[in-house]
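[1] Give me the fold of what follows.
(one chain, ligands or ions: 1)
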Amino acid sequence: MITIINMSSAPNRWTKQLKVIVDIVYGSHGPMTADEVYHAARARLPNISLGTVYRNLNKLESEGLVSEVTKGNTTAFVKHPFSNATFECEVCGRLFCVPYDLRNSEMERKVGMKVNRWSIRMTGVCKECERKCI
Ligand SMILES: [Zn+2]
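    A predicted model of the protein is given here:
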């Protein structure tokens, strides 16, 4: 799964922990509980705490990048099905949700107008198709 993170609009907002957590949730084929995300994250960041995982998952949820779903009797997290940034592969035609670090308030500052919603559509070649071409 592809994960593109734009750093230029707000260089300090994406911490290393947040990037790892986005990668894990977006790389998963199904919903993951905070505990599962925590165990996966520890493989890459041995010192990360469960509290940090929860904080970052909540942050991603408030930004609309992940959604909470019910898994059994616990809460789990999935990548947002309606991420407002998408990447379309020109070769296989698959559409990927792309976490893109931009909020309405930031966009309003840039364009000087009231922004209700935005979307970004990127096209290119996905990792799998790129590998096949080599
Ligand atoms: Zn492709």
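
[2] Which elements pack onto the helix or strand Leu57 falls within?
    Assigned by DSSP states H and E, Leu57 belongs to helix 50-62. The elements that helix 50-62 packs onto, with contact taken as 3 or more Cβ pairs under 8 Å, 6 or more residues apart in numbering; DSSP states H and E, are helix 16-27, helix 34-44, strand 66-71, strand 74-79. Every C-beta, even on glycine, is put in place using the N, C-alpha and C of the backbone.

[3] What pairs with the third one, parallel or antiparallel?
    Looking back up the chat, that one is strand 66-71. With DSSP bridges as the test, strand 66-71 is paired with strand 74-79 (antiparallel).

[4] Quantify the burial of Val22 by counting its neighbouring residues.
    As a burial measure, Val22 scores 21 neighbours (other Cβ atoms under 10 Å).

[5] Repeat that for Glu90.
    Glu90: 10 neighbours (other Cβ under 10 Å).

[6] Surely it touches Thr123?
    Yes: Glu90 is within contact range of Thr123, at 5.5 Å (criterion: Cβ atoms under 8 Å).

[7] end-to-end on stretch 105-122?
    22 Å (Cα to Cα, to the nearest Å).

[8] repeat for stretch 26-35
    16 Å.

[9] List the buried residues of it.
    Neighbour-count burial for stretch 26-35 flags Tyr26, Ser28, Pro31, Met32, Ala34 (criterion: 16 or more other Cβ atoms under 10 Å).

[10] Could you export the residues you listed as JSON lines, including pLDDT and distance to Val53?
    Listed next are those as JSON lines, based on pLDDT from 0 to 100; distance: Cβ to Cβ, whole Å:
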{"residue": "Tyr26", "pLDDT": "86", "distance to Val53": "15"}
{"residue": "Ser28", "pLDDT": "84", "distance to Val53": "14"}
{"residue": "Pro31", "pLDDT": "81", "distance to Val53": "15"}
{"residue": "Met32", "pLDDT": "87", "distance to Val53": "10"}
{"residue": "Ala34", "pLDDT": "94", "distance to Val53": "6"}
